[in-house]
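Visitor: what would the 3D arrangement of this be:
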Amino acid sequence: MNKLPNLDKIVLPLRKFTEYALNPDKEPNKALVFQLALGYNIDNAEKLIENIKSNLNKFPAKNKGDTEYGTLYEVIMDIAGENRKTAKVLTAWIDDKTNGEMRLVTVHVD
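Guide: Numbers count the residues shown, from 1 in each chain. Okay, here's the model as predicted:
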């Protein structure tokens, strides 16, 4: 199984969750799906981040190609949420050429 490279350099910016994925004002559909499927919202965004971090090495990473900014990857993982339900969560990453970070680009319930 191909794991996400540079797991020791992963960066999951809190604002990706609070200002985007879990924000009902910015992304109402995405936020609602996270709330219904897994029980995550802006108030417990840190728990979702920790859940992703702790499960990331358990699922295969798919190389999605190179860009001028770095190599793109996708990891789809099964996550057990705060509501005890399980759902597939898609995470997309970039291995950033400029700073060596493996940074989360987007996340959503698949």
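Visitor: please, which helix or strand holds the residue of the chain most remote from its centre?
Guide: Largest separation from the mean C-alpha position in the chain: Glu68, at 21.7 Å (C-alpha atoms, centre = their mean). Assigned by DSSP states H and E, Glu68 belongs to no helix or strand.
Visitor: distance-wise, check it relative to Asp96.
Guide: In this view, Glu68 and Asp96 are 11 Å apart by C-beta to C-beta, to the nearest Å. C-betas here are computed from N, CA, C, even on glycine.
Visitor: residues shared between the contacts of these two?
Guide: Counting by C-beta atoms under 8 Å, 6 or more residues apart in numbering, no residue touches both Glu68 and Asp96.
Visitor: coming back round to it: now do the residue farthest from the centre of the chain, the pLDDT please.
Guide: As predicted, Glu68 sits at a pLDDT of 95.
Visitor: measure it to Pro5 for me?
Guide: 19 Å.
Visitor: correct me if wrong: Lys47 contacts Ala80.
Guide: No: shown here, Lys47 and Ala80 do not form a contact pair, counting by C-beta atoms under 8 Å, at 11.2 Å.
Visitor: now do the strands in this structure.
Guide: In the chain, the strands defined using DSSP state E lie at 10-11, 61-66, 70-80, 86-96, 102-109.
Visitor: with distance to Phe34 added, can I get the ones you listed in TSV?
Guide: Formatted as TSV, the strands of the chain follow (distance: least, C-beta to C-beta, whole Å):
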stretch	distance to Phe34
strand 10-11	20
strand 61-66	22
strand 70-80	10
strand 86-96	9
strand 102-109	6
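Visitor: could these go into CSV alongside mean neighbour count and distance to Asp25?
Guide: Listed next are those as CSV, based on neighbours: other C-beta atoms under 10 Å; distance: least, C-beta to C-beta, whole Å:
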stretch, mean neighbour count, distance to Asp25
strand 10-11, 15, 24
strand 61-66, 13, 29
strand 70-80, 17, 24
strand 86-96, 18, 21
strand 102-109, 18, 17
